Structures are given as C-alpha cells and as structure tokens.
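>>> No letters, just coordinates:
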C-alpha cells in the first residue's frame, strides 16, 4: 500500500506540514480496503464508525425515498472523503447508503482514531477543520444552486466543477445527482454537445 | 459587554475547556457591534473579512436571484454564527447578503484572528472544527430534505428544529427559507394548527 500512503501524504500536505514521524503515526491509523463495483460500504440503518478516503475508483453516497427514488448526495472520486457524516458525528444510525460505482480502493479511518489524532497532532486538527470548511461551503453552494438554478444551469455547473465525472459515472446517476429524469439529462447533454 | 462575553464563554464551553487566561485572550479578539432592524451586515459584492456570533436578535443570510426572488440560506439566532463562508474562506467577493430581521447585537471576529487563535490555542481549533462539522451536517440534511421532501414535511421539520423561529421571523421570510409561496405557507400553517 505504498502508493495509497503517498496519495494520502500528498493530499494532507496541501493543507499542513507534518514531520515524517508525525505522518507515519497519522497514516498508521488508516486501514486499506478493497471493494468491488456495486458493493455496499455503508447501508441505511448501519451504525457508522468510519470515514473513507478514496484512493482509486468512484463511490456514491445516496438516499432512497419511500417512492424508491434515488437522490445522490455526493460522488466520491480519488482523494475525496466520504461517509454518512451525520451518523458518524452524532453516533446515530445511517440514513444514507454509500456504495461503489466502480471497483475501489480506499483508506478507512475510525471516528475514535480521527479524534485521537486531532488531539495528539495539532496540524492534523487543522487539516480536518479545513477539510470540513470546504465541505460546508460546497454543501451551501449546492443548496443555493438547487433552490435557485434550473436543471440546465446545474448540469453545466457540475460539468465545469468535475469534468472527469462524465467518463466515470453512468448517465442515470448524474441525473439522480441533479434531481432530473434521465430524459431531461439526455436533452441537456445533447444540447450542450451541439454548442461545444 | 460583560453579558456578551458570558454568552460566548458558555457557548464555547459546551465543546472545549479553556483556562481563564486562554478565554480572556480568545474573547479579546471579538468586537461588539450593534445593528438596527433592516441594516445590512454583508452585501453582495463585498469583500468579506469577518464572521458574526449573534448575542441578541435575529439575522438572515440570503440570495436574490435575477428574477428578484429571495432565497434564504440561513437564519441566525442568538449563539449562532453567520457570514458568507465561501467568500470568507476563499477571499472572494460575497455572493449572498446578510442583514438584520430585528435589532441585533453581535460579536465579530476577523478571518485572520480566527486563524491566529486556532494556531495559538489547540482547543480553539478543536472548537471551530466541531462548529463546522455541525454546520456541514446541517447543510447536508437540508440538501437531502430539499431534494426529497414536500413543502409540508419541510415546514414541519423547521417547526420542530427551531420552534422559537415562528415568534421571531415574519411569515414571508419563512416561506423564502422553505422555497414556497406565502399562500402555500399560510395553508400549511393553518392545516398544522388544526391538528395541534
């Protein structure tokens, strides 16, 4: 897992500097896990005790409502973090599911180890504060966009933010992220292709 | 401003323990400000350098779209924090507005001072990490609710989470938070009263 540790090191180094000793201690708390395409990482009703740092592949965090309609809360690509954070932080049961869109390699970190590491190494606490700050801002931006923009604008925003998503993720999942039907997405996709 | 400092002390004590010396240093970086009902705290296009901890009154963070329709991102009541966090963290111009629904007393903290305090006092960094964690979870919960729930369910959720909001905030602003018309809100409000 040398490669996975290198990816983690590069990721955290963008925010904080750790000594080699500190990083070795930090990274020793992460466990490598492999998942197959379609495999569940978190299922609704689970007690959630871990978060996941994606090394390879693509995961999705989603919610299935009473009408068996899927809403996608997040895609998680390499160097992204995912979990059911409400369940993880509040020690409640998962309300969402996380599964693998492709085969995936992740590093998993327990809640208790994150808190321990944050206490032991001040820069680690700084790193996790800034990771959440960015997540908070992204969630608020998406909230505003959902309240305010039509499907076409939201589609173009997604395309601009994550161009790589379109090669990784089937179209019906992108539709479930945008909250539109597959037919609407096809129309947007084709109209966009014509002007590019 | 003894009272404001006490409120801040009680607020931060729920998450971390600071010595009297540490708290005195921490709180000395906050500036008390008074606003009149209707007064703007942040206007779209401003450079945003501060966040605001509400001592008294109620503020709103909102966005006005091209059709001059208002979307409310957040209400901020006593012991809540507000700002345009995207602008504050990324040092970009404000995309949203923050103003006062009532006369308000706040304590304001600059971005630079927050970062300095987080570096100087490890528990302060811990406090701000958990404040953002909670904000992130709340934003994700609202995102899911907006994608998945009808107006009636979202109205009832808001009523349950913040019962005090209904005495503080005019009905048309609650409608703008829920993303429904004032008429729809009146219908929900009346139908809810009948069953209570």
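Thanks, I have the structure now. Owing to the predicted nature of the structure, the values given are computational and were not obtained by experimental measurement.
>>> okay, CA-based contacts and neighbour counts for the rest of this
Will do.
>>> Okay, and the beta partners of the most centrally placed residue in chain A?
Closest to where the C-alpha atoms of chain A average out (Cα atoms, centre = their mean) is residue A:76, at 3.2 Å. The partner list for residue A:76 in beta bridges (DSSP bridges) reads residue A:59.
>>> pLDDT averaged over the helix or strand encompassing residue A:112 - what is it?
Here residue A:112, judged by DSSP states H and E, is contained in helix A:111-120. For helix A:111-120, the mean per-residue pLDDT is 98.
>>> How far away from the center of its chain is it?
Helix A:111-120 has its C-alpha centroid displaced from the chain centroid by 20 Å (Cα atoms, centre = their mean, to the nearest Å).
>>> counting contacts, what elements does that helix pack onto?
If contacts are counted by 3 or more Cα pairs under 8 Å, 6 or more residues apart in numbering or on different chains; DSSP states H and E, helix A:111-120 sits against helix A:122-148.
>>> before we move on, the earlier item: what sits up against the helix holding residue A:112?
A:26, A:29, A:49, A:50, A:51, A:88, A:89, A:124, A:125, A:128, B:126 (Cα atoms under 8 Å, 6 or more residues apart in numbering or on different chains).
>>> Helices along chain A, start to end?
Taking DSSP state H, the helices of chain A run over residues A:2-13, A:20-27, A:85-90, A:111-120, A:122-148, A:151-161, A:165-168, A:171-178, A:182-195.
>>> Residue B:142: which of these is closest?
Smallest distance to residue B:142 across these (Cα to Cα): 7.8 Å, for helix A:122-148.
>>> For chain A, which residues score under the pLDDT cut-off?
Scanning chain A for pLDDT under 70 picks out A:1-2, A:192-196.
>>> Please list the residues of it that sit near chain B.
Neighbours of chain B within chain A, by Cα under 8 Å from any Cα of the partner chain: A:63, A:65, A:71, A:73, A:85-86, A:89, A:118, A:122, A:125-126, A:128-130, A:132-133, A:135-137, A:139-140, A:142-144, A:147-148, A:179.
>>> filter the residues you listed to the buried ones?
Using 16 or more other Cα atoms under 10 Å in any protein chain shown as the burial test, the residues of chain A next to chain B include A:63, A:71, A:73, A:85-86, A:89, A:118, A:122, A:125-126, A:128-130, A:132-133, A:135-137, A:139-140, A:142-144, A:147-148, A:179 as buried.
>>> ok, back up a step: now do the same contact list for the residue nearest to the centre of chain A.
Going by Cα under 8 Å, 6+ apart, residue A:76 touches A:54, A:58, A:59, A:60, A:61, A:82.
>>> right, and the pair among these with maximum separation?
Farthest-apart pair in these is A:54 and A:61; separation 12.8 Å (Cα to Cα).
>>> Looking at the two, which has the bigger crowd around it?
Using other Cα atoms under 10 Å in any protein chain shown, the more surrounded residue of residue A:54 and residue A:61 is residue A:54, with 25 against 22.
>>> So what sits opposite that one in the bridge?
As for beta bridges, residue A:54 partners with residue A:106 under DSSP bridges.
>>> Am I right that it is in contact with residue A:77?
Yes. Counting by Cα atoms under 8 Å, residue A:77 is a contact partner of residue A:54 at 6.2 Å.
>>> Count the neighbours of residue A:98 for me.
Close neighbours of residue A:98, defined as other Cα under 10 Å, add up to 26.
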